[in-house]
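Asker: one predicted model, sequence on top.
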Amino acid sequence: MSTTLTVPVTLAEYQSCPATVLLRRAGGKWPGLILALLRDRPYGFNELDRAVEGLSRRVLTRTLRTLERDGLVGRTVGEGRSPRVEYALTELGRSLQAQLTALALWAVEHDGEIREAQERFDATP
């Protein structure tokens with residue numbers, strides 16, 4: 001795998017790049033939060049629904065399906081008349097979690113610097 005960009009970068013290359021695809025997917029509004037919640041333990045669908053304010057059930061369902069399709073989250077259906085559906089990180093999801101945690105820690109560590117840069121930029125005529 002090459003880490004060198006060919007210039008100019010074509011739209012097709014950009015759109016098909018695994019890093020671009022992953023960053024779009026994990027960097028969306030909800031996937032990172034869902035992955036962070038699942039880091040510690042499996043969650044039932046209703047638990048996830050209650051755990052995130054402002055996330056509709058429809059969007060939660062779509063987000064979970066996408067994460068499942070990508071192999072980051074596994075879905076288990078329990079036994080019984082009213083089976084409990086549970087979501088958990090897969091091994092692939094766990095391997096991504098370390099990278100997402102590092103990115104989150106970087107963001108927290110540099111938040112002040114980023115805000116200062118934004119204020120300077122916004123104050124420039």
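Answerer: Thanks, I have the structure now. Numbering: from 1, shown residues only.

Asker: show me what counts as buried in the helix or strand hosting residue 58.
Answerer: Residue 58 is part of helix 57-69, with elements assigned from DSSP states H and E. Under the neighbour-count criterion of 16 or more other CB atoms under 10 Å, helix 57-69 has 60, 63, 64, 66, 67 buried. The way it works is simple: take the backbone N, C-alpha and C, and place the C-beta from them, glycine included.

Asker: strands of the protein, residue ranges please.
Answerer: Along the chain, counting by DSSP state E, strands occupy 43-44, 73-77, 85-89.

Asker: from the contact counts, what lies against the shortest one?
Answerer: Other helices and strands packing on strand 43-44, by 3 or more CB pairs under 8 Å, 6 or more residues apart in numbering; DSSP states H and E, are strand 85-89.

Asker: outside of the strand it packs on, which residues touch it?
Answerer: 35, 38-39, 41-45, 48, 64, 68, 72-78, 97 (CB atoms under 8 Å, 6 or more residues apart in numbering).

Asker: what strands line up against it, and which way round?
Answerer: strand 43-44 (antiparallel), strand 73-77 (antiparallel) (DSSP bridges).

Asker: what's the most buried one of those strands?
Answerer: The highest mean neighbour count among those, using mean count of other CB atoms under 10 Å, belongs to strand 43-44: a mean of 17.

Asker: now do that strand: everything it contacts.
Answerer: Applying CB under 8 Å, 6+ apart, the external contacts of strand 43-44 come out as 37, 51, 84, 85, 86, 87, 88.

Asker: most neighbours, which of those residues?
Answerer: With neighbours taken as other CB atoms under 10 Å, the top of those is residue 87, carrying 22 neighbours.

Asker: mind checking pLDDT for residue 3?
Answerer: Residue 3 carries a pLDDT value of 65.

Asker: list the contacts for residue 42?
Answerer: When contacts are counted by CB under 8 Å, 6+ apart, residue 42 touches 76, 86, 87, 88.

Asker: with pLDDT added, can I get the residues you listed in a markdown table?
Answerer: Below are those laid out as a markdown table (pLDDT from 0 to 100):
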| residue | pLDDT |
| --- | --- |
| 76 | 94 |
| 86 | 96 |
| 87 | 97 |
| 88 | 97 |
